[in-house]
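A.B. asks: 3D, please:
(one chain, ligands or ions: 1)
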Amino acid sequence: MNHLLELRGLHKSFARTEALRGVSLDVQPGEVVAVTGPSGSGKSTLLHCAAGVLVPEAGSVTFAGQRLDELDEATRTRLRRREIGLVLQFGQLVPDLTAVQNVALPLLLDGTDRRTARTAALAWLERLGVAEVADQVPAELSGGESQRVAVARALVTGPRLVCADEPTGALDTVAGEVVLTELLAAVRDADASLLVVTHDNRVAARADREVVLRDGSLAAGQPVTAS
Ligand SMILES: Nc1ncnc2c1ncn2[C@@H]1O[C@H](COP(=O)(O)OP(=O)(O)OP(=O)(O)O)[C@@H](O)[C@H]1O
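C.D. replies: Coordinates of the predicted model:
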């Protein structure tokens, strides 16, 4: 089977904390995988290794056949910008830029001209139902609006993989449900895969597969790959 993402034997430590102790996991093209587990079990660390933000000390991260962990930082950043969308718990929008400028940013950084980038960004804001806040800055947005802008920013480059860390974690039930529904629909429409870290059972229930981390390892008996 051709995996989009193949994580093998990942180890990652911070000082004396072993956050990951040999985690292996595959994500297939178009698959939605939820990563759950107790606080401190290594979920965010796993997600950041998968997205090429963190480099593990041991093990391999293979994305679309390419070893991410062996690329130099500049090449990894370039590849990530095009192929991997990231959604974090609090949106992490650039505070001085408007919503549409935030969404256009990954395209501009990748060399797209301003007009094309703005048109694509507006289309994504429309798709996510937040076109009316296009010219507002993040401080003027609700939590749910910020997260939908963050989803638009993650998808605007047409990534093959979206990595989301507690995308609904800061939202109330209703806003969380809207963001989750929009995120899943956008990922499915784009034929992308989604790796989503969550404490929320409703998110895990809507994934194709759930894997549980405990103390930096996948809990016993869980298949590394989709069956
Ligand atoms: N930058 C860092 N510096 C030091 N320790 C870290 C760092 N990042 C993570 N850790 C530690 O690594 C372990 C795993 O952290 P991680 O954030 O991956 O867990 P998590 O399962 O995502 O937790 P939570 O559900 O609370 O977000 C924890 O013990 C954490 O304190």
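
A.B. asks: what's the spacing between the residue nearest the centre of the chain and the ligand?
C.D. replies: Nearest to the geometric centre of the chain sits residue 163, at 1.7 Å (Cα atoms, centre = their mean). With distances taken as Cβ to the nearest ligand atom, to the nearest Å, residue 163 is found 13 Å from the ligand. Backbone N, C-alpha and C define where each C-beta goes, glycine included.

A.B. asks: who does that residue bridge with?
C.D. replies: Counting by DSSP bridges, residue 163 is bridged to residue 86, residue 195.

A.B. asks: give me every residue that touches it.
C.D. replies: Residue 163 sits next to 47-48, 50-51, 84-87, 194-196 when contact means Cβ atoms under 8 Å, 6 or more residues apart in numbering.

A.B. asks: Give me the pLDDT value at it.
C.D. replies: Model confidence at residue 163, given as pLDDT, is 96.

A.B. asks: same thing with the one 5 residues further on?
C.D. replies: Looking at residue 168, its pLDDT reads 89.

A.B. asks: Same question for residue 8.
C.D. replies: 96.

A.B. asks: cool, residue 29 as well?
C.D. replies: 95.

A.B. asks: in a strand, that's where it is, yeah?
C.D. replies: No: read with DSSP: H, G, I helix; E, B strand; the rest coil, residue 29 is coil and lies in no strand.

A.B. asks: And for it, nearest residue in space, chain neighbours not counted?
C.D. replies: Counting by Cβ to Cβ, 6 or more residues apart in numbering, residue 29 lies nearest to residue 4, which is 4.8 Å off, once chain neighbours are set aside.

A.B. asks: How about residue 92?
C.D. replies: That would be residue 150: by Cβ to Cβ, 6+ apart, it lies 6.9 Å from residue 92.

A.B. asks: Show me which residues of this structure sit near the ligand.
C.D. replies: Within the chain, the positions near the ligand by Cβ under 6 Å from any ligand atom are 14, 17, 19, 37, 39-45.

A.B. asks: Give me the subset of these that lies in strands.
C.D. replies: Those of those mapping onto strands are 14, 17, 19, per DSSP state E.

A.B. asks: are any of those residues buried, and which?
C.D. replies: With neighbours counted by 16 or more other Cβ atoms under 10 Å, those contain buried members at residue 19.

A.B. asks: returning to that earlier point: would you list the contacts of residue 163 in JSON lines and tack on neighbour count?
C.D. replies: Conversion of the contacts of residue 163 to JSON lines gives the following (neighbours: other Cβ atoms under 10 Å):
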{"residue": "47", "neighbour count": "21"}
{"residue": "48", "neighbour count": "20"}
{"residue": "50", "neighbour count": "27"}
{"residue": "51", "neighbour count": "23"}
{"residue": "84", "neighbour count": "26"}
{"residue": "85", "neighbour count": "29"}
{"residue": "86", "neighbour count": "22"}
{"residue": "87", "neighbour count": "24"}
{"residue": "194", "neighbour count": "26"}
{"residue": "195", "neighbour count": "26"}
{"residue": "196", "neighbour count": "29"}
